[in-house]
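>>> predicted structure and sequence below. I'll ask about it afterward.
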Amino acid sequence: MSQELGTLEELPEDYRSAMTEAGVAPLWPMMRNVLPHGSPNPVTKPGYWNYEAVRPLLLRAGELTPVEKAERRVLVLSDPGRGVGAMQATSSIYLGLQLLLPGETAPAHVHTPSAVRIMVEGQGAFTVVDGEKLPMEAGDLVLTPGGEWHDHGHEGDEPVVWLDALDLPLFYYLEGSYATEGPLQSRRNRPDASQVEYLSAGLVPSRKRATKARRYPMMRYPWNRTEQALIEMMNYGDEGLAELDYINPETGADVLPTLGFTAMHLQAGSKASPPLRSSSCAFHVIKGSGKTEVNGVSFEWGPKDTFTAPVFAELTHEANTDAFLVRVHDRPLQERLGYYEERAR
Ligand code: GTQ
């Protein structure tokens, strides 16, 4: 274990200005900032967004800014540790609430970061990804992987809101984030793959020699099936908590290279304290109400609310009613980088 490290102030003034002149700086006064002992020192603070509070602001954006002038009409959920305006909710996760009004179209574009939509309210919206029209119903999870063209449309008659989760902070940090705009896509005249090729878990279209599956074979994960599966898991489990990971049905891998998604069901009256995880995460409430403590900060949540936890957060969930949440996390990225970790409480 190293002893107390030297400080900048200990160094002679002339040496410090000569270093500045040369464009260099000593590591040792900064060493513990970049390599703290034992565990990271996150900038991210626990965040909570009450949907009822944000909803009127989002609807007002619909009156103030036509979608043509927004490209995407979104209110961004900023990490309290970085302050309002920060384009991130945790170190690696961007979250935004997007509004689309009846008849509107959000134009086609493609970008390097990947996005996932979790439907919050309203009917009749759809996203077209790679020519596939994906209906969006409450709780559905819809993928827009990086590099895939996507546009959003709305054939219903009420405002539609969904939660966007993107790995944008990572791409921005890598100076790799950019978008290209293009014309609306033509759509194949068939239901999306979740209703045809991948209707049943455990069954995939028969593997033929020389045919290569799409990298992202299924872009939509309908909520009704997820909820049914969670309820069955709960019925035959004994923990008061059931969890299912969203996976690519062809490979069994997480749905995206960087972000993972886990559907959670907490039984009414149950309490859960997961291990400390090296991943940061966001929770979006599909149904039900409860309370979660994140590093000692308590959030009372209800349907459509969203809250976040930094890396290695101490979490305790308590459900007042039967509750369903989707957890967005960066475990896949950390596993790729070889450092994902869980520590017992
Ligand atoms: O719908 O494509 O919240 O490109 C941020 C960037 C949504 C989208 C966001 C985007 C989108």
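On my side now, so go ahead.
>>> residue contacts, the closest residue to Leu230 other than its chain neighbours?
Nearest residue to Leu230 in three dimensions, chain neighbours excluded: His265, at 3.8 Å (Cβ to Cβ, 6 or more residues apart in numbering). No exception for glycine: its C-beta is placed from N, CA and C like everyone else's. For His265, the contact set (Cβ atoms under 8 Å, 6 or more residues apart in numbering) comprises Glu227, Leu230, Ile231, Met233, Met234, Leu241, Ala242, Glu243, Asp322, Ala323, Phe324.
>>> list the buried ones in whichever helix or strand His265 is part of?
According to DSSP states H and E, His265 maps onto strand 260-266. Within strand 260-266, the residues scored as buried using 16 or more other Cβ atoms under 10 Å are Gly260, Phe261, Thr262, Ala263, Met264, His265, Leu266.
>>> now the helices for the protein?
13-22, 31-34, 51-64, 168-173, 223-235, 331-337 (DSSP state H).
>>> now the first one, how far from the centre of its chain.
Centre-to-centre, helix 13-22 and its host chain are 44 Å apart (Cα atoms, centre = their mean, to the nearest Å).
>>> now do it, average pLDDT.
Helix 13-22 carries an average pLDDT of 98.
>>> what lies in contact with that helix?
Leu8, Ala25, Pro26.
>>> pull out the buried positions in it.
Buried residues in helix 13-22 (16+ other Cβ under 10 Å): none.
>>> again with the third one
Applying a neighbour-count criterion of 16+ other Cβ under 10 Å, the buried positions in helix 51-64 are Tyr51, Val54, Arg55, Leu58, Ala61, Gly62.
>>> Leu244 and the ligand, how far apart?
As judged by Cβ to the nearest ligand atom, to the nearest Å, Leu244 and the ligand stand 25 Å apart.
>>> in the sheet, who's paired with that residue?
Ala263 (DSSP bridges).
>>> let the chain start at 131 from now.
Okay, using 131 as the starting number, the last item reads as Leu374.
>>> pretty sure it contacts Gly390?
No: assessed by Cβ atoms under 8 Å, Leu374 is found out of contact with Gly390, at 11.6 Å.
>>> which bits of the stretch 281-430 of the chain sit near the ligand?
Asp294, Leu296 (Cβ under 6 Å from any ligand atom).
>>> how far does stretch 141-150 sit from its chain's centre?
45 Å.
>>> over to stretch 208-220?
14 Å.
>>> hey, where'd the strands end up in the stretch 131-280 of the chain?
Residue ranges of the strands in the stretch 131-280 of the chain, as given by DSSP state E, counting those that start in this stretch, are 177-179, 204-206, 224-230, 235-241, 245-251, 255-259, 262-265, 271-274, 280-284.
>>> okay, those strands in a markdown table with mean pLDDT, distance to Arg344 and mean neighbour count next?
Listed next are those as a markdown table, based on pLDDT from 0 to 100; distance: least, Cβ to Cβ, whole Å; neighbours: other Cβ atoms under 10 Å:
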| stretch | mean pLDDT | distance to Arg344 | mean neighbour count |
| --- | --- | --- | --- |
| strand 177-179 | 98 | 34 | 21 |
| strand 204-206 | 98 | 27 | 18 |
| strand 224-230 | 98 | 25 | 25 |
| strand 235-241 | 96 | 16 | 17 |
| strand 245-251 | 98 | 17 | 23 |
| strand 255-259 | 97 | 11 | 25 |
| strand 262-265 | 97 | 10 | 21 |
| strand 271-274 | 98 | 11 | 26 |
| strand 280-284 | 97 | 15 | 22 |
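>>> hmm, who's touching stretch 291-298?
By Cβ under 8 Å, 6+ apart, the residues outside stretch 291-298 that reach it are 185, 188, 202, 204, 217-218, 222-230, 243-252, 255, 266, 276, 307, 386, 388-389, 412, 414, 436, 458, 460, 463.
>>> returning to what we had before: select, out of the helices of the chain, the one closest to Val427.
helix 181-194 (17.3 Å; Cβ to Cβ).
>>> I'd say Arg461 and Asp384 touch.
Yes: with contact defined as Cβ under 8 Å, Arg461 counts as touching Asp384 (7.5 Å).
>>> joint contacts of the two?
With Cβ under 8 Å, 6+ apart as the test, Arg461 and Asp384 both reach Gly390.
>>> lovely, talk soon.
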